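S.K.: this one's structure only:
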C-alpha cells in the first residue's frame, strides 16, 4: 500500500433496525484522512432492517447495501468484501463501538508492521444488571478463557484478532471467510492467514466496546452455537489452543458425576461416588470465588449474576463443543439475535 490507503467497512446485520443507524454513523465519523466507504450485508430481517439500511444508503453515497439471503455472518462478510473497493477492509458490526482514532491507528499499524490483519481488544459493557454481569464475564479470563483480545497482553503477533483490519489483497489471496463455518469464522480465517505466511497483529492498547446478549437464554443460545462450531473446527483440524478444551472437560466431569450419581442405586462403589462428585463441588467453589474476586460487582446480587453468567457460558459452550466434535455443527445456528 502506498500513500493513504482507502478503507471499506464491512458490516453483516440481521434484525438490527434499532441500532443500525447509530452504528453506521458512528463508524463513518472516524477521523481518517483517506477515503472511507461502507458495505452493509443485510440478512432477511423481520424488524425493518432492510428499510433502515436502504435509507442510510440514500442519505450517504459512501454506503452500499447488499443482500445476504442465507443470513449467516461469513457469507455476509464475503458478499460485502466482494463489493468493497478499499485497500483496507475493516470488519465492524452493529453491536460494537469503535474508539476515536481506531481506523487511523490500525491502518498505521498495518503499514508499520507489514501485518495482514490487525485487531484490538474487546471490552464488553452492559446496561441492565444481567447484561452487566455477562459483560464482566466476557472481560475476565475465567469467562471466555483468556484469549489475547479479551485480556490484552503485549503488542505483537497473535493467533487471532477481534473484528479485524485487513489488507484486502490478503483476504482475496486466502479466499475470504469459510462459509461452511458459521461461528468461529474469524479464528479459522486468521489461522489460514498465518499458514499463508502473513502476520496477525494485536494492539492491546486499542479497546473496542462490545454490547453482549442481555438475557440468560440468549447467552446460552449464543454459547451453545459458538461451542458447537469450535468443536467442528477442532474436529476438522484436530488441534486447538488448550484454553478451548477447559469448558468441554468441565462438562465431561459434570456429566460423569451425574452418571455415577445415577448408578449409585445400582451398587456403585462409595469411593467412586466420592471421587467423581468432586467435580461439581469444586466447580461450585470456583464459581463462588471467581464471582466475587475475579469479576467483582457491588452487591450480592451482582455476585449471584456473575455466577450465573459464568455457569451459562461454561456449560453451554462446553456442551456445544461436544456436540460439534462428535456429530458436527452443520445446521447449528446462533438464534440469540432472531426475533
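M.R.: Now that the structure is in, tell me what you want to look at. What you see is a predicted model; the values in this text were computed from it and never measured.
S.K.: list the helices and strands the longest strand anywhere in the chain packs on?
M.R.: For the chain, the strand reaching the highest residue count under DSSP state E is reported as strand 200-210. Contacting strand 200-210 under the criterion 3 or more Cβ pairs under 8 Å, 6 or more residues apart in numbering; DSSP states H and E are the following elements: strand 96-97, helix 102-113, strand 117-124, helix 148-151, strand 156-157, helix 185-195. For glycine as for every other residue, the C-beta is placed from the backbone atoms N, C-alpha and C.
S.K.: Tell me the strands beside that strand, with direction?
M.R.: When pairing is defined by DSSP bridges, strand 200-210 lines up against strand 96-97 (antiparallel), strand 117-124 (parallel), strand 156-157 (antiparallel).
S.K.: between the longest one and helix 102-113, how big is the angle?
M.R.: Spelled out, that is strand 117-124. Put simply, strand 117-124 runs at 140 degrees to helix 102-113, going by axes from the mean of the first three to the mean of the last three Cα atoms, to 10 degrees.
S.K.: and strand 117-124, how far out from the chain's middle?
M.R.: The chain centroid and the centroid of strand 117-124 are separated by 10 Å, computed with Cα atoms, centre = their mean, to the nearest Å.
S.K.: Go through whatever helix or strand comes next after that strand and flag the buried ones.
M.R.: Per DSSP states H and E, strand 117-124 leads on to helix 129-139 as the next helix or strand towards the C-terminus. Neighbour counts using 16 or more other Cβ atoms under 10 Å place 130-139 of helix 129-139 among the buried residues.
S.K.: Residues touching helix 129-139, excluding its own?
M.R.: For helix 129-139, contacts defined as Cβ atoms under 8 Å, 6 or more residues apart in numbering pick out 122-126, 143-144, 150, 210-216, 219, 295-297, 301-302, 305-306, 308-310, 313.
S.K.: Buried only: go through those residues for me.
M.R.: Neighbour-count burial (16+ other Cβ under 10 Å) applied to the contacts of helix 129-139 gives 122-124, 126, 143-144, 150, 210-214, 216, 219, 295, 297, 302, 305-306, 308-310, 313.
S.K.: Helices of this structure, start to end?
M.R.: Per DSSP state H, the chain carries helices over the ranges 17-28, 49-59, 73-83, 102-113, 129-139, 141-144, 148-151, 168-174, 185-195, 216-237, 246-263, 270-276, 278-289, 300-327.
S.K.: Dump those into a markdown table; add mean pLDDT as well.
M.R.: As requested, the helices of the chain are exported to a markdown table (pLDDT from 0 to 100):
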| stretch | mean pLDDT |
| --- | --- |
| helix 17-28 | 93 |
| helix 49-59 | 97 |
| helix 73-83 | 97 |
| helix 102-113 | 97 |
| helix 129-139 | 95 |
| helix 141-144 | 84 |
| helix 148-151 | 62 |
| helix 168-174 | 96 |
| helix 185-195 | 94 |
| helix 216-237 | 92 |
| helix 246-263 | 81 |
| helix 270-276 | 57 |
| helix 278-289 | 86 |
| helix 300-327 | 95 |
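S.K.: pLDDT value on the spatially closest residue to residue 193 that is not a sequence neighbour, please?
M.R.: Nearest residue to residue 193 in three dimensions, chain neighbours excluded: residue 116, at 5.2 Å (Cβ to Cβ, 6 or more residues apart in numbering). Looking at residue 116, its pLDDT is 98.
S.K.: Hmm, residue 37 and residue 85 touching each other?
M.R.: Yes - look at residue 85 against residue 37 with Cβ atoms under 8 Å: they come within range, at 6.3 Å.
S.K.: Return every residue with contacts to both of those two.
M.R.: What both residue 85 and residue 37 touch, as defined by Cβ under 8 Å, 6+ apart, is the set 6, 8.
S.K.: between those two, who's got more neighbours?
M.R.: residue 37 (19 against 13; other Cβ atoms under 10 Å).
S.K.: contacting residues for that one?
M.R.: Residue 37 neighbours (Cβ under 8 Å, 6+ apart): 6-9, 62-64, 84-86.
S.K.: can we see that at 10 Å?
M.R.: Counting by Cβ atoms under 10 Å, 6 or more residues apart in numbering, residue 37 touches 6-10, 28, 60-64, 83-86.
S.K.: Identify the farthest-apart pair in those residues.
M.R.: The largest separation in the contacts of residue 37, counting by Cβ to Cβ, is between 10 and 61 at 17.2 Å.
S.K.: Quick check on the two: which one has the bigger neighbour count.
M.R.: Between residue 10 and residue 61, residue 10 has the larger neighbour count (other Cβ under 10 Å), namely 28 against 8.
S.K.: My read is that that one contacts residue 74, right?
M.R.: No - Residue 10 lies out of contact with residue 74 (Cβ atoms under 10 Å); the separation is 11.5 Å.
S.K.: and residue 66, how many neighbours?
M.R.: Around residue 66 there are 16 other residues, counting by other Cβ under 10 Å.
S.K.: Same check on the one 3 residues further on?
M.R.: Counted by other Cβ under 10 Å, the residues lying close to residue 69 total 11.
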